[in-house]
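# have a look at this prediction, sequence included:
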Amino acid sequence: MSIRLTKVDKIYGQGDAKVHALKELSLTITTGEMVAIMGPSGSGKSTLLNILGCIDRPTKGEYSYKENEISHIKAKEMARLRNEVFGFVIQDFALVDRYTVFKNIMIPLSYSQKAIKSKKEKVESVLKQLNISEKRDVLAANLSGGQRQRVAIARAIVNEPEIILADEPTGSLDSATGQDVLDIFTKLNSVEKKTIIIVTHDKEVASCCHRIVNIQDGMIV
């Protein structure tokens, strides 16, 4: 077992502005699974992804990673988990346009204690893995949508995370490019045994996952 949420609530705001984003949500994701999270806009999908990735904490309930309860650990330890265990593919890529491809992929390694030579070798390795080596010195602003998504995935895996979290990774891509990106995720799961959790509206993306978790009004349905 890798991840377990038990009766998790997430509440934002207070009084009349209170939003109950997740409601007693329980979910287990096993190591090596590829899971799709689906639901309408505002259903709590992104909130769930943020809690899974240690970006946010539950208001109530428990979050266990490898049988260790982590909901209430210190911020420094939470940050360490977030940087070492998880890789994030953020909606709309979130690349730094004024940086080169190489420098964008290097960003997560800035927290690593590894030697600079080792870091550069790792970046070169994922550039090759994602077939974008020829773009290493190109500014992110000058990339196509598909190339930007490949860079975003490379950045997500450069730290060799156990778990990859992706928010609508094919949402802004044409169907052919989207399929290329989905093939990358499928290979990361089947060959490298990465646990992959994808928030998506795309039924074709979801159909390639081992399991679909449907969310509505902050609850699994």
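That came in fine, so what should we check first?
# how about the residue most central in space within the chain, phi and psi?
Centroid-nearest residue in the chain, with Cα atoms, centre = their mean: Leu165, separated by 1.9 Å. Note on Leu165: its backbone torsions stand at phi -110, psi 120 [degrees, to the nearest 10].
# so it makes contact with Phe86?
Yes - between Leu165 and Phe86 a contact is recorded at 5.9 Å, counting by Cβ atoms under 8 Å. Bear in mind the C-beta positions are built from the backbone N, C-alpha and C, glycine included.
# so what touches whichever helix in the chain runs longest?
In the chain, ranked by residue count with DSSP state H as the criterion, the top helix is helix 175-190. If you take Cβ atoms under 8 Å, 6 or more residues apart in numbering as the criterion, helix 175-190 is touched by 32, 34, 130, 145-146, 149-150, 153, 157, 164, 166, 169-170, 173, 194-196, 198, 202, 204-205, 208.
# show me which of these are buried.
Buried members of these, scored by 16 or more other Cβ atoms under 10 Å, are 34, 130, 146, 149-150, 153, 157, 164, 166, 169-170, 173, 194-196, 198, 202, 205, 208.
# looks to me like Leu173 is in a helix.
No - with DSSP: H, G, I helix; E, B strand; the rest coil as the criterion, Leu173 is coil rather than part of a helix.
# tell me the pLDDT at the closest residue to it other than its chain neighbours?
The shortest distance from Leu173 to any non-neighbouring residue, by Cβ to Cβ, 6 or more residues apart in numbering, is to Gly145 (5.4 Å). What the model reports as pLDDT for Gly145 is 91.
# and for Asp92?
With respect to pLDDT, Asp92 scores 80.
# that one contacts Ser172, correct?
Yes - using Cβ under 8 Å, Asp92 is in contact with Ser172, at 6.6 Å.
# any idea how far Ile220 is from Phe93?
29 Å (Cβ to Cβ, to the nearest Å).
# those two - which one has more neighbours?
The residue with more neighbours, out of Ile220 and Phe93, is Phe93; 21 against 18, by other Cβ atoms under 10 Å.
# find residues that contact each of Leu165 and Phe86.
52-53.
# thinking again about what came up before, so which of the contacts of helix 175-190 are in helices?
Those of the contacts of helix 175-190 lying in helices (DSSP H): 145-146, 149-150, 153, 157, 204-205.
# give me the distance between Ala154 and Gly171.
Going from Ala154 to Gly171 by Cβ to Cβ gives 19 Å.
# hmm, I typed the wrong one, I wanted Asn50.
Using Cβ to Cβ, Asn50 is found at 17 Å from Gly171.
# swap in Gln179?
14 Å.
# cool, Lys76 as well?
For Lys76 relative to Gly171 (Cβ to Cβ), the value is 33 Å.
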